[in-house]
Every structure is written in C-alpha cells, then in structure tokens.
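Novice: I'll drop the sequence and a predicted model, then ask my questions.
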Amino acid sequence: MLGSAVQRLIHLFGVLPGRRAVVLAANDDGWRVAADLLAAGADLAAVADERGGDQAPDFAHKLAGEGVPVFWKHTIQSAYGGKRLRRVDVRPVDGGSAITLECDLLAVSVGWGPANGLLYQAGAKISYREDRNEFLADHLPPGIFAAGRVMGVHGVEAELADGKRAGESAGKFAPGSLHLDPSLRSGNAPHSVPGIPNDSSPPESLHVAPGTSHPPTSLSPRSGFAQGMPRTSNRISVPGSGKQFVCYCEDVTLKDLKTAIAEGYDSLELLKRYSTISMGPCQGKMCSANTIHLCARENGWSVEQTGATTARPPMTPVRLGVLAGQNMEPVRHSPVHDRHLAAGARMMVAGLWMRPEHYGDPQAEVQAVRQRVGLIDVSTLGKLRLTGPGAPALLNKMYVNKWLKLDVGRVRYGVMCNDEGVITDDGVTGRLGEFEWYTTTTSSGAASVYEYIQWWAQSGWGEGVHIHNVTENFAAFNLAGPHSREVLANLTGADISNHDFPYMHVRQIEVAGVHCMVFRIGFTGELSYEIHCPAGAGPHLWDALLAAGEPHGITPFGVEAQRILRLEKAHIIVGQDTDALTDPLSADMAWIVKHDKDNFLGNRPLKRIADQGPVQKLVGFTMQSPGVVPEEGLQIVRRSDTAGSQIANPGLEIIGWVTSSRLSPTLGKAIGLCWIPAAMADTEGTEFTIRRNGSLLTGRVHHGAFYDPEGARLRS
Amino acid sequence: MMLISPLHPPLEKSGAVFIEAAGWRQAQSFGDPEGELQAARQAVALADLSASARILVEGERAASVVQEALQVDAAVLEIGAGLDAGSFGVYRLRPDQVFVHGSAGQAGELLAALEREAGAGPPFTTVTDMTHGKAEIAVIGPQAAELLSRLCGLDFSEVHFPNLSARQSSVAKTHQLILRHHLGDVTTFALIGDRSLGAYLWQTALEAGSDMKVRPIGLQALSNLAGTS
C-alpha cells in the first residue's frame, strides 16, 4: 500500500490498515509514514530504507533509536500471502541474502509521481530531471500557471507559498488586470517555471507531514531536511524469480514488457497500446513512471529519449452520474404534434421524429382512405428548394430520370442513386417557377440528401443554383381518398377540377386562407392532395381540413395505414424494401432510368447491370394461404442438395427475403414485397417457399400494383 | 387565422397567458410580469421569439442586395458580424450569405424589399423566408452565458462573442445559429434552430438552468427590457 494511502486511512478515516507493518522508504516521507503508524498504535516490524543512514534525517535516526528495526540500503524482494499479506523478504539493494519478516502491512514510499496530466494537456513541456528522478515542467504555455508538486515543490507551507505566487501571477495575467506585467505573458512565469529553485533543491525546509488535517507527530520535523535530496528512487525493480507486476490495474508484468519490446513494440506509445499498460482505472498514475524507466532500460535509451505518453482527458475518472446527467436526446415534433396527442395517436419514433403510428385502428384508417377521405401529417418529409437557372441541370445529374423539360406547374417522381448505382432516396419534385424547384425527400433522408446534393453542387455541378433545406419551413398534409377533392374545394376558391388541376401537377393556391403549395400526387393510390403550408399555419390548416372533411367522414391516419396503402400499390419505401446494394433495375424500376440523357450519378454501373441483367429482383407476392402474413425479414428458400450441411436450414438454400408484408384490408389477403432470383421473379404466379419458424409457406409472384393497377383512381 | 409557435405546447404547460400579436399567438406573460422582468435583469430567463422575421439572402450579391434593399451598411460586415438597424438586424454568415432578423410580422415587408432588389440584376440572388422553419429562444440575463455554457462549447464571453455578432454551433446536440443582441443593457442571446427541435431545446434549457432559477418570460417583460437603456 502506498504510504500516502496509509496516512489517509489513519488521519481521514480513522482506520489502521495493519497491525504489524513493514515500511519501505526511499525518502523522508516513508519515515513519516512509519511515525504515523506508530502513533496510531501499529507495531513496526521494520523500516527498510533504500538509502544509507547518512542520507536519512535526524528524526529517522531518533525513530531507530527508539527500537524500530531499521535496514539501511535494503529493499523488498518479495511479498507473500493469500487473502492478506503474511510476510515480506527484505534484502540489501546491492544483492545478498534476504531476511523474512512477518507482517500484515507493507507501506511503500519510494517516490512521487506528479499529477501533471493537466499540464501535458495544456501544452506544457515536461522533461525528466535526472537529479530528482521526476518528470517536471520546464516550460509553461502563456496563461498557464502551476504550483506545488507538479513544479517539484513539496511540503505544505512551501506548496502554499508556491500557490500564492502562482495565483498572483495568474491574477496579473488575467484580462482586465490593472497591473499587467508583459513579462508574465511568456510561458515562463517568473516564480517557478523553472518552479524548481535554480539549485534544483526543493524548498523542503518548511516541510511538514503530508496531510493538513492532522497535527504532525512528534517525529514529524519542520526543519532539517537535506537540501537537494531526491524524493523519488530510480530503483524500478528488484531481480527475482517471481512475477513482477508493473501495472496493477491490467496485471502487466515486467516479463510482458520485455517480451513486447523484444517483439518490436519498443516505442512507449506502441508499448502502451500493445500491452495495455497504464490503460486501467488508475490511468498510469501508478505505473507510467516505472514503465518509462523499464522501456528505457530495455532499449538502452535514456529516460529523456524514451519520453512520456500523451495525456488525454479525463484527468480523473468521470462518475457515471456525470455521464448520465442531463438528458440531451433531441426529438423532433411536427407542427401539429399536439393535435396528434389530443386525438389519441399512438406515437412512434421515426429517426428523431415522433410520428403517429395510428389513431387506434390502422385497418379502419386504410378503409377510410379507400372509401371516403383521410388526412395524414407528412410534415416530416424532407423539403429542398432549388433556385437558379442551373437547377434542372443539377437535378438531371442527381436523379436517374429526366428533368430538363419539366414544365412549370408539373411534378415528377424521381429516384436518386449514388455513383455505384445504389438507390439512396426517392421523392417528387415540382417546378414552381422558371427558376424555382421544390423537391421532397424521404423523412429520414432530408439531411443526408441535402448534404449529398450540396456536395456535388460544390464539386462542380452547382453552377447557377442555390439549394436550401426548407424541411422545417413547411407543414405538409396529405388529403387522400375519393372525397378529397370535395373537402379541398370547401377551403379554396381555386379551380381544382381534374381538368385544371390534373394528376402530377402542383398549384400555389390559398387553402383556408393560407398560401399553400398543393401537389396532386398519390402515394396511397387514391385521389390525393399533398398540401404544404408555412409551418406556423400548420395547426390552423390541419384543423380546417378535418372540419371540412367531417361531413365526408374524414379520418386522420398514421404511418401504419400509409404503409398498408402504399403496399397495396406496390410502392417501395427506400430503406425498407431497398438496402445498401439495391439498384433501380433490380427494384423493378427500370422504367425510370434514362440512359439516353447526359451523365448522371449511377449511369455507368446501371448500364452494366442493364447489360448483364439483375441477379435478384424485388417483386410483389401473395400467399397460397391468404390469411397468413409472413413477417418482414423471413427467408425465402429452396431445396438444395448442396445446402444439406447448413445447420439453420438443413437441405435448404436461402435465395431471398421478405421486405414488406401486411394483411390488406382492401383485398382481404396477405400481400408483400420480396427479393428473389430474377429468373423466378420474371414470371407472374411463380411459386416460392418462405421459411417461417421451421415451417414452409408458399408465396406467389405478383406483378404490378395489388390495388387499382391501372392507376385510374389517383387520376380521377 | 393565428400562426402558432413551435414552443406553444411547452409555453402553455408553463402557464403562459397568450395574446395575438402580429398574427402570432404569443405569450404575453406567465402570470408575473414584474417577477419575469426581475429574473431577466438579475439571473436568467427564456423567451420565445419564434415569431420573429428571419430571412436568408444568398448569392454573390447577397450583401449588396441587403445594403440596397434595406439601406444598411451590410457590405462592410465581416463574417460573423452584425448590425442593428433599429427594427431589424443584419448578420453576415458567409461571404455569400446574409441573415436578416426582424421583428414579428415584419417578414413580408422585408421579403418584398429584398426580392425586389434581388431581381434587379445578375448574378442571381436567392431570398428565402426562414421565419416558419425556425424556433427562436432568447436566453436573457446576466447568467445567460453561464446557462449556455452548459449546453454548448462556445466561449460566450463578450471578448470572443461580442454584442451584434453571430455564431453557428451545436447547442444541446442541435445545430443553432446564435445571435448576440442585447435587449437594452441586458445580455441576450438568440438561439435559432430547426422548428421541430424547439420544444426539446426549450425544455433542455429550462432543465439546465433549474439551479439558476431560470424562468420563462413573456412579451410584457421583454418589452420592458427592450426599453431599458
């Protein structure tokens, strides 16, 4: 146990850590530990001092004269015991036979390791002082002031005096000081950096026993300390046959270090990373200095050449309570979040957003949309505003389809790929004016798509275009269902007839007194209007739409109903039905890839895939047993002789997986999307096998939308 | 129709007394306007300024468009510096981006003037009304910097973040444009970030300053503060 720990237990906690102690000293502090143990009632088996008697202070000799066995120029060879210490072997430092002493405590005071981590982090230059066997600061950066043991000053009164000097220097340096001394702006504060007196002697004459909360014992001297005496031993290890632990936290031994260095991990930083030495709870406070010496010795370098490892925060361990402190987990609320709560929505987490999963009965919500009218909050959609003459050219490069000839007032669905031809996002873009375009992205893709477009714009494709992420500027609601036109007509004076406002068009009109962008698009497969309004007007518009829809039996619907509705139309959800390898050709969207336009992201790999043909394809499916809904993620398998050794699927080969599946309330049967080999996918009705909990289910390939495959309803 | 702030739900929970002002439903007070004023003057207070006008002007001509349209010396502003033009403020965020910050209800007027000037000639300049896309929380009082230091790594000292200047940083893990614009002689920072994160940030700031007795204040206290000289 460290001598300072013994003193802390005695003086701060009133605990005597052993009844019969051996003290190993290499400085006067060890003798103070011995004195404190005696005063506290312990029996001293011996004090072993690595120094000679001529280097010891008077009070040590006085202690020896009172009958304490003293071994000058001796050290500890070995310690023995199981659950507690039983005995130690003491032997001369220069070799020779050992003496065994019975004891239950070994107190060690052989050196001081200054807690200079903060100084390292502050950029101080810290060097090894051969004369003191310590690492001490010899240059401080401007504005950094240090005092006490990190500067080589020991002893309470000396440390207080040193601290006073450092504090005064810092006060003069601080902004606003009336007496700023320019010389203090240098890293070498005048008092001590050097900090250690020029004669390198610590101001020990004022030394008192460590700890300030207890009176010094009669043997704790206040004077007479030998000037210039090192307080830290340079004796790092004692030859012996047993294990010699260097790092007590990580159980790294001297042999481990030697082996690591022999294997080539000779630099201190490499040695640390390879052996994990100094990486335990004490973070090197116990072992760093010894490790540096051992590394130097094994390499034949000086300690200065060996250097020290980098000190990083935290300087002291951080309590879990601190880490678990204030909750800072951002959460996004839509402009009508409180409306959802008031309506009894069951909320779900979607990225950072909170969204209504449903309002109690998602199947009923689906039927309301199919038969009457429904309203969903899609404010979470990403929204980008592109302005400038260069916008269509940029869109043409970012998306796999064409944008150069889209007329003002028109809307087009787009698929975005990366340069490997992998689908990264999809959404619709409307041309609002000659030089103004408005693009929606998936809810989860808002930030990444914006950054992605910005990246390419700033890499040479952004001539004549500005891009703004206006996701938060607008609330957006999708009014969907056969009665949606009637509901909207109640709130606007604009002509929204099918003739004047047809499918895949956008209009900027007033709705319930709010200037809105209205997109006639149809993710749900019904006649629908996606209404974007200034976010602050969102609650007003939401309330107005629900009120206007009341005579038509309007129902708010959530994400779950929307997923069913889109699945009935076999629309994909990027990230749900696609993964990090999915290209649009394999996703059965070859129709959207326009190879007859100028270069675009994914052009070359998509051409190659088109030439070779997809290996896997995303297709719709129904089930042989219509009421059985296979869970998303289930494997699609086929029998294979070569797969007989598979443990999970004996005799079965995995050939695909289910990405989406639901029981369609509209169709009254299970439907879904899945990935299967292209050869199987190409033929409508092809049967395949889904493995579910050990049983095998039969699915059938379905091409096109399950519901209204001609798209008549959304164009009505 | 009344426009609703993203902070409306938490303000309501805190007992706000609402009024309609400049087309927005805004918190007039939280029942104790004098106490709110004292909190802002002596400790730290939060106020919802989401109704403020916020307009971003982008393009090579951004600064000169603002200068011509609003008759202010925007072109000489360094990056991060701002100016107070009385009813509105102007901050330069990038060489090609200028942020115009006005009072509630002023967006239309500012937007019209800026768009008129932006359309005057090439190269093209984009004027974007960000008013509805942002939540704006004012952190007011002598302890405002201390409260913000618990949520953000920026140095909020006046030396490094002087009055009438703008910084962008993470605050409680959200991206915020931070303006320092004192109300009268009282230290004030405005946190301007995504609207959808407003309620979260409001609650987080209240929690962070609970030991400092941080409290929400309404328009009445704000108005008195702004009149302080």
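Specialist: Alright, I've got the coordinates.
Novice: Name the helix or strand for A:Leu271, please.
Specialist: Assigned by DSSP states H and E, A:Leu271 belongs to helix A:268-275.
Novice: Report the distance from that helix to the chain centre.
Specialist: 25 Å (CA atoms, centre = their mean, to the nearest Å).
Novice: what ranges do the helices span in chain B?
Specialist: B:8-13, B:33-42, B:62-70, B:107-118, B:144-149, B:198-208, B:219-226 (DSSP state H).
Novice: Make JSON lines from those and add mean neighbour count, distance to B:His132 and mean pLDDT to it.
Specialist: (C-beta placed from N, C-alpha, C; glycine too.) Compiled in JSON lines, the helices of chain B are given as follows (neighbours: other CB atoms under 10 Å in any protein chain shown; distance: least, CB to CB, whole Å; pLDDT from 0 to 100):
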{"stretch": "helix B:8-13", "mean neighbour count": "18", "distance to B:His132": "13", "mean pLDDT": "96"}
{"stretch": "helix B:33-42", "mean neighbour count": "19", "distance to B:His132": "26", "mean pLDDT": "96"}
{"stretch": "helix B:62-70", "mean neighbour count": "22", "distance to B:His132": "21", "mean pLDDT": "97"}
{"stretch": "helix B:107-118", "mean neighbour count": "18", "distance to B:His132": "9", "mean pLDDT": "97"}
{"stretch": "helix B:144-149", "mean neighbour count": "21", "distance to B:His132": "25", "mean pLDDT": "97"}
{"stretch": "helix B:198-208", "mean neighbour count": "22", "distance to B:His132": "12", "mean pLDDT": "97"}
{"stretch": "helix B:219-226", "mean neighbour count": "20", "distance to B:His132": "19", "mean pLDDT": "93"}
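Novice: among those, which is nearest A:Tyr413?
Specialist: Nearest to A:Tyr413 among these is helix B:107-118 (30.3 Å), distances taken as CB to CB.
Novice: how near is the most centrally placed residue in chain B to B:Tyr91?
Specialist: Centroid-nearest residue in chain B, with CA atoms, centre = their mean: B:Ala190, separated by 4.0 Å. Computed as CB to CB, to the nearest Å, the B:Ala190 to B:Tyr91 distance reads 10 Å.
Novice: shared neighbours of those two, anything?
Specialist: Taking CB atoms under 8 Å, 6 or more residues apart in numbering or on different chains as the criterion, B:Ala190 and B:Tyr91 both touch B:His101, B:Leu179.
Novice: what number of residues lie near residue 91?
Specialist: With no chain named, the answer covers chain A. Look at A:Arg91: counted by other CB atoms under 10 Å in any protein chain shown, it has 20 neighbours.
Novice: Not quite, go with chain B.
Specialist: Quick note: B:Tyr91 (other CB under 10 Å) scores 24 neighbours.
Novice: And it, how far from A:Gly656?
Specialist: 55 Å.
Novice: now A:Asp500
Specialist: Distance of A:Asp500 to A:Gly656, given as CB to CB: 46 Å.
Novice: Kindly report the same for A:His468.
Specialist: On the measure of CB to CB, A:His468 and A:Gly656 end up 41 Å apart.
Novice: Right, I'll leave it there.
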